Structures are given as structure tokens and as C-alpha cells.
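# coords below, sequence missing:
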């Protein structure tokens, strides 16, 4: 990791850390603090927030320095957001520039069933940062700072039901939050994803080119997605819309689907019987639910504590660093010692294994030499057995000759026969060996 930071290969490092299935790299507390500290010093709050979100996926914020580093980096990123997935945008741009005429088919091993687990499937900046703030906020239910970040996380994740219950606790005095936290909650509840790339509407228009007013239908953007950003563009003058479009936007924002028949809500309903909403009324339900939460947030505004979240977070970061810095350094030194001991232990085990293998190899070579020496010494005692073994290993070759013509039957025999019998010598039974006399020496 330090090599990646020195070589400025942070994008590749983040891809490795994010692909846990293939690489299996899980940074510890020291690595997390090292990475976040590096990104904070370089004003790269986006990548610092990514490290915080990776720790959120592990559900471990027991380290105080990591926790407050994560809060600080997430808040700084929310104040000045940048595109979250830059590499994905580069790939999509490259694919868009390629020729789309050729259809490319890719073989896959299996198809995944569509399922969203609400944790490891989180991809956008709102989801990851929001879940990170919620996870940290739950660690201290009575702290104003933690609960303020918890409320901001609910706004980022658009969790209206949980936010409504939380605001009711604020209203009853069970929980205290910062006034700035309430404002950020209302802002992110109705805004688009903070890490989304800038829309094409923000691009400059060539001089002299006429800009048409946006149709009224463009105002029917769902409240959850990008209506806030669109209105910001209108406010800054980058986008022009018709006045009638704004009125229709306010009308349709919290209304049901215009194509749905009139509901029978005005008709009498038997007492105690529940009336389900029509499928087409989902948008109306969402709008009303968010409006209730926004009204409740405005109502508890007077209960908010007037503090500066960024200032408090910075002070807490400095405080925990002064408090736990020496302790973390000693822990890391102890880890280095343990790593050295473990490495030496593994090295000794490896050397012992090599020695055992060397001894076994020497024994096998000695056994082979003794076997050869035994065969040489006891050769004449085991000659017959050795001959049998040699015959089995090297069987004799059969001699093949061509038969000559048979003179009696006058037929030519071109067949082949095996000649294995040796010629027998003829012995004369009446043979008398001569007498040999030794000459006398005079």
C-alpha cells in the first residue's frame, strides 16, 4: 500500500481493495488510518470516503482514529462532492465511442438472480456514505455529533420511515441533533446522488444557439432522484423552463398518476377495514411520505443544537489522535515484532523441512549403493536366479530361416520355420582311443 501511494497508483489500489472476491485484501486499522490520512493531506476526500465505506462493509469502527477520520472525510466530501466512479465513466465513454454495429457475445459461467442485500450491493456515493454515517452514528446513541451524522445518513439513503421515527424521538427530547444536521438531512433527502457525474444540461451552450424552454413533462422528475439538482440549474440560469412547467411540477410532484382512474376514497368504507393504495399511487405515496418527514424536520428545527459539525469533528480528530497516537504506534511496533518472530519461525520450519528432505535423499542414495554392492558380492551365489531374471528381462530372439525346396515332392515350400535344435555329433561306439607313450629319455 505504501508503494502504491508513493507511485501515485491510488486508483489501482482502490480497485484492488474494492474487489475483495478476487484479491482478498482487507486492510487493518493501521492501513486504514494510513490511507485516510494520506488522502486527507492531499485533499482527496472522495478516496478517503471510499476507504471509510470499505470499513463500513466490514462493520468495524472500533478504532477511534478510524471512526473520526471517516466522519471527517465523509463530511468534507459532502461539502465539495466530485464524481464517485471515475473509472466507470471512462469505460462507458470508451464503449460509447466504439462501433456499435458489431454485436459481441460473451460467455458467462452463470447468471445471478436479481437481489439487493442493502449492504454489499451498495454502489452509489449516497448509499455508501449514508450507510457509513448510519453505522458510525449507532455507536453512540446519546452523543449529539453521532446522532447528527446518523440523521444525515438517513437523508442520504432516503430512509423516510426510519427518519420519521428518529425525528419523533428528537421531538420528544430523547435524542438531540445539531441544527446543521437537520439542514443537511433535508437537503440530501430531496437531492440527487452527490457522486453522480454532472448532467449534460450543465454543459455550456455555443454562443448564438437558441435554448428552448424545457417542456412541462420534464418537471415530472421524481422527488427522490434529481429534481433538486434540476431546480438548482434553473436557479443558476444554466437551464430555462417555462413558468407553466414550474407550476405543473409543483402540482404533479405529490400527486398520483394522471392516467389512473379516480379512486374510490370518497366512497364509504366499512369501519375497521383497511383500504390499500392503488398501484399507480406509488409516486403520490412517496411524495406524501417525504413531505411528512420534511414537515417534521422543520417542526423540530427549534430543538436543534446550534453547533458547527465540521469544527467539532476536526476537534475530535485532533483529540483522538493525541489520545491514541502513542498507543497505536506501540501496537504497530508490537505487530512488527510479531511479524519478525513469525517470519523467523516459518523460515526455521522451512529449513528443517529441507534438512529432512536432504537426509531422506542421502538415505535413499546409500540404500541404492548397498544394493549394488550386495549384488556384486553375492553374484556367484545367486547366479541362477540372476540368469532367470536376465531371461525375463531380455528374452532370446527366435532364429528364422527359409526352407529350401523339397526334392522328393517337387514342391517349393516358401514357409518359415523356427530352428532351435542344435546338430548332434555322431559318436562311434567301437572307437578305441590310441595309446600314447611317453618317450624315454636316454
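That came in fine, so what should we check first? Since we're looking at a predicted model, the values are computed, not measured.
# Run through the stretch 201-350 of the chain and note the low-pLDDT ranges.
201-287 (pLDDT under 70).
# 90 instead?
Scanning the stretch 201-350 of the chain for pLDDT under 90 picks out 201-307.
# And for the nearest residue to residue 303 once chain neighbours are set aside, the neighbour number?
Residue nearest to residue 303 in three dimensions, not counting chain neighbours: residue 170, with 5.8 Å by Cβ to Cβ, 6 or more residues apart in numbering. For every residue, glycine as well, the C-beta is placed using N, CA and C. Burial of residue 170 is recorded as 22 neighbouring residues (other Cβ atoms under 10 Å).
# Show me what counts as buried in stretch 291-301.
293, 294, 296, 297, 300 (16 or more other Cβ atoms under 10 Å).
# for the residue nearest to residue 303, helix, strand, or coil?
Secondary structure state of residue 170, per DSSP: H, G, I helix; E, B strand; the rest coil, is helix.
# Hmm, residue 155 and residue 187 touching each other?
Yes: at 7.2 Å, residue 187 and residue 155 qualify as touching, with contact defined as Cβ atoms under 8 Å.
# quick one, which of the two is more surrounded?
Between residue 187 and residue 155, residue 155 has the larger neighbour count (other Cβ under 10 Å), namely 26 against 15.
# need the contact list for the more buried one.
130, 163, 184, 185, 186, 187, 188, 189 (Cβ atoms under 8 Å, 6 or more residues apart in numbering).
# Contacts only, for the residue nearest to residue 303.
176, 177, 300, 303.
# Burial check on the second one, number of neighbours?
Counted with other Cβ under 10 Å, residues neighbouring residue 177 total 28.
# In strands only, show me the buried residues of stretch 291-301.
With DSSP state E as the criterion, strands contain none of the buried residues of stretch 291-301.
# just checking, which of those residues belong to helices?
Secondary structure from DSSP state H places 293, 294, 296, 297 of the buried residues of stretch 291-301 in helices.
# Which helix or strand contains the residue lying closest to the second one once chain neighbours are set aside?
Taking Cβ to Cβ, 6+ apart as the measure, residue 294 lies nearest to residue 186, with 6.0 Å between them; neighbours along the chain are not counted. Secondary-structure element containing residue 186, defined by DSSP states H and E: helix 179-189.
# What is that helix packed up against?
If you count contacts as 3 or more Cβ pairs under 8 Å, 6 or more residues apart in numbering; DSSP states H and E, helix 179-189 packs onto helix 144-157, helix 160-172, helix 282-299.
# Specify the angle between the following helix or strand past the last one and helix 179-189 in degrees.
Counting by DSSP H and E, the element after helix 282-299 in chain order, helix or strand, is helix 309-377. Taking axes from the mean of the first three to the mean of the last three Cα atoms, to 10 degrees, one finds that helix 309-377 is oriented at 70 degrees with respect to helix 179-189.
# Now do helix 309-377 against helix 144-157, angle only.
Taking the same axes, to 10 degrees, one finds that helix 309-377 is oriented at 80 degrees with respect to helix 144-157.
# just checking, what packs against helix 309-377?
So helix 309-377, by 3+ Cβ pairs under 8 Å, 6+ apart, packs with helix 29-41, helix 64-79, helix 144-157.
# Need the ones you listed in TSV (columns: distance to residue 119 and mean pLDDT).
As requested, these are exported to TSV (distance: least, Cβ to Cβ, whole Å; pLDDT from 0 to 100):
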stretch	distance to residue 119	mean pLDDT
helix 29-41	19	93
helix 64-79	17	94
helix 144-157	12	92
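# so which of these gets nearest residue 54?
For the helices and strands packed on helix 309-377, distance to residue 54 was read as Cβ to Cβ. The smallest value, 8.0 Å, belongs to helix 29-41.
# What are the contacting residues of that closest one?
Here helix 29-41 makes contact (Cβ under 8 Å, 6+ apart) with 1-2, 5, 10, 27, 45, 47-48, 51-52, 54-55, 63, 65-66, 69-70, 72-73, 76, 328, 331-332, 335.
# Doesn't residue 61 belong to a strand?
No: using three-state DSSP, the assignment for residue 61 is coil, not a strand.
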